[in-house]
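K.L.:
Pasted the sequence and its predicted model underneath.
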Amino acid sequence: MASRLPACVVDCGTGYTKLGYAGNTEPQFIIPSCIAIKESAKVGDQAQRRMMKGVDDLDFFIGDEAIEKPSYATKWPIRHGIVEDWDLMERFMEQVIFKYLRAEPEDHYFLLTEPPLNTPENREYTAEIMFESFNVPGLYIAVQAVLALAASWTSRQVGERTLTGTVIDSGDGVTHVIPVAEGYVIGSCIKHIPIAGRDITYFTQQLLREREVGIPPEQSLETAKAVKERFSYVCPDLVKEFNKYDTDGSKWVKQYTGVNAITKKEFTIDVGYERFLGPEIFFHPEFANPDFTQPISEVVDEVIQNCPIDVRRPLYKNVVLSGGSTMFRD
């Protein structure tokens with residue numbers, strides 16, 4: 001049966017999980033990688049507590065539904081690309097399979113993804129959950145960087161398709177520069193960069209807080225995230241960009257309108273320098289993180305120079321961007 005049905009593909013990231021069926025051009029669902037659970041006070045006799053625990057185990061939400069449940073505790077089981085809470089992850093996968101994909105796990109093969117520096121223990125836990133809890137007939141766990149290289153084939157001529165290249169994978173929680181030779185990750189040369197989408201959001205939030213007083217404090221992070229996703233772009237020259245805004249601000253400054261969650265009144269803010277200063281921390285990390293000052297271009301160069309000499313040329317020739325934080329306009 002499984003051989004006739006398409007495989008299920010689940011890519012769990014720090015911020016978002018992408019899921020769908022093999023053979024489709026894009027994921028069916030992109031949902032936040034969070035789970036909302038009821039945290040009941042542990043009082044009363046043991047039998048009552050046991051019964052409540054059984055109810056609580058079934059009473060949870062994932063994705064956008066989880067974010068919209070203020071009376072529940074929202075947890076993010078994945079941090080910096082690595083799963084930290086396996087109990088929550090199992091419940092998360094349960095709803096992914098049964099509620100979103102609407103699949104019988106016994107009837108489908110599964111393709112899951114893992115970060116480049118994933119531990120063997122984590123891989124083992126993943127396999128244990130999929131085989132023992134969901135009884136899947138087959139499972140393949142692929143490194144995200146290799147899949148990104150394969151996905152880049154759609155924009156290339158057949159003769160140019162290769163599984164050798166340098167992948168810059170930047171998501172919400174972590175950024176990696178990964179050299180791949182003939183489909184194999186050169187693990188000893190991978191570099192980790194402590195700057196990703198969430199850091200851009202925090203930096204944008206800090207910039208907006210200094211200038212805009214109209215943002216409700218409890219919504220400042222949400223507002224910064226919306227501003228980042230809607231208006232941010234990468235600029236070629238920082239000085240020229242500042243001059244553009246100073247000489248003709250009305251042309252470049254955008255307005256963002258939000259709704260105060262408590263009073264339900266609208267608030268409007270101006271978005272200026274924040275549009276290009278957010279993504280700029282990839283090239284000037286010292287803006288946001290004084291402990292890390294190496295720009296991403298230098299990291300890429302260092303990674304390739306650490307690789308065997310015979311693969312350096314193809315690694316320089318084929319640089320692939322992957323992950324949500326590489327999708328800024330330029």
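P.N.:
Ah, there it is. A quick note: this is a predicted structure, and the numbers were derived from the prediction, not measured.
K.L.:
Point out where the stretch 51-200 of the chain drops to low pLDDT.
P.N.:
The stretch 51-200 of the chain contains residues with pLDDT under 70 at 51-57, 155, 157-159.
K.L.:
Which stretches in it count as strands?
P.N.:
In the stretch 51-200 of the chain, the segments counted as strands under DSSP state E, counting those that start in this stretch are 60-62, 73-75, 78-79, 82-83, 110-114, 139-143, 165-170, 175-181, 184-185, 191-193.
K.L.:
Which among those is found nearest to Glu121?
P.N.:
Closest to Glu121 of the strands of the stretch 51-200 of the chain is strand 82-83 (C-beta to C-beta; 10.4 Å). Where C-beta positions appear, they are placed from N, C-alpha and C, glycine not excepted.
K.L.:
wait, which of the strands of the stretch 51-200 of the chain is closest to Leu101?
P.N.:
Taking C-beta to C-beta, strand 110-114 is the member of the strands of the stretch 51-200 of the chain nearest to Leu101, at 9.9 Å.
K.L.:
partners of that closest one in the sheet?
P.N.:
Strands adjacent to strand 110-114 in the sheet, as given by DSSP bridges, are strand 8-12 (parallel), strand 139-143 (parallel).
K.L.:
Mind listing residues that contact the last one?
P.N.:
By that I understand strand 139-143. For strand 139-143, contacts defined as C-beta atoms under 8 Å, 6 or more residues apart in numbering pick out 109-116, 118, 123, 126-127, 130-131, 178, 185.
K.L.:
Give me the angle between the longest helix along the chain and strand 175-181.
P.N.:
Ranked by residue count under DSSP state H, the longest helix found in the chain is helix 197-211. Calculated by axes from the mean of the first three to the mean of the last three C-alpha atoms, to 10 degrees, helix 197-211 forms an angle of 150 degrees with strand 175-181.
K.L.:
What residues of the helix or strand just after helix 197-211 count as buried?
P.N.:
Moving toward the C-terminus from helix 197-211, the next helix or strand (DSSP states H and E) is helix 220-231. For helix 220-231, burial by neighbour count (16 or more other C-beta atoms under 10 Å) applies to 220, 222-228, 231.
K.L.:
Next: stretch 162-182.
P.N.:
162, 164-181.
K.L.:
same deal with stretch 23-43?
P.N.:
Within stretch 23-43, the residues scored as buried using 16+ other C-beta under 10 Å are 27, 29-38.
K.L.:
From those residues, which land in strands?
P.N.:
Judged by DSSP state E, those include 29-32, 35-37 as members of strands.
K.L.:
out of the contacts of strand 139-143, which one sits closest to Asp310?
P.N.:
Checking the contacts of strand 139-143 one by one against Asp310 (C-beta to C-beta), the nearest turns out to be Val185, at 16.7 Å.
K.L.:
Contacts only, for the closest one.
P.N.:
Contact analysis of Val185 by C-beta under 8 Å, 6+ apart lists 116, 143, 145-146, 178-179.
K.L.:
change it to 10 Å
P.N.:
Taking C-beta atoms under 10 Å, 6 or more residues apart in numbering, we find Val185 in contact with 116-117, 143-146, 167, 176, 178-179.
K.L.:
picking that back up, and the angle for the longest helix of the chain with strand 165-170?
P.N.:
Here helix 197-211 points in a direction 40 degrees away from that of strand 165-170 (the same axes, to 10 degrees).
K.L.:
Show me what helix 197-211 packs onto, helices and strands only.
P.N.:
Applying 3 or more C-beta pairs under 10 Å, 6 or more residues apart in numbering; DSSP states H and E, one finds that helix 197-211 contacts helix 220-231, strand 266-271, helix 274-277.
K.L.:
will you turn these into JSON lines that also has mean pLDDT?
P.N.:
Shown next, in JSON lines, are the helices and strands packed on helix 197-211 (pLDDT from 0 to 100):
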{"stretch": "helix 220-231", "mean pLDDT": "93"}
{"stretch": "strand 266-271", "mean pLDDT": "91"}
{"stretch": "helix 274-277", "mean pLDDT": "93"}
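K.L.:
Distance to Glu84 for these - can I get that in CSV?
P.N.:
Shown next, in CSV, are the helices and strands packed on helix 197-211 (distance: least, C-beta to C-beta, whole Å):
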stretch, distance to Glu84
helix 220-231, 21
strand 266-271, 34
helix 274-277, 31
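K.L.:
Which of these sits closest to Ile62?
P.N.:
helix 220-231 (19.0 Å).
K.L.:
And the contacts of that closest one?
P.N.:
Residues from elsewhere that reach helix 220-231, judged by C-beta under 10 Å, 6+ apart: 15, 67, 172, 197-198, 200-209, 212, 214-216, 219, 253-256, 258, 261, 267, 269, 271-272, 274-276, 278-279, 324-325, 327-329.
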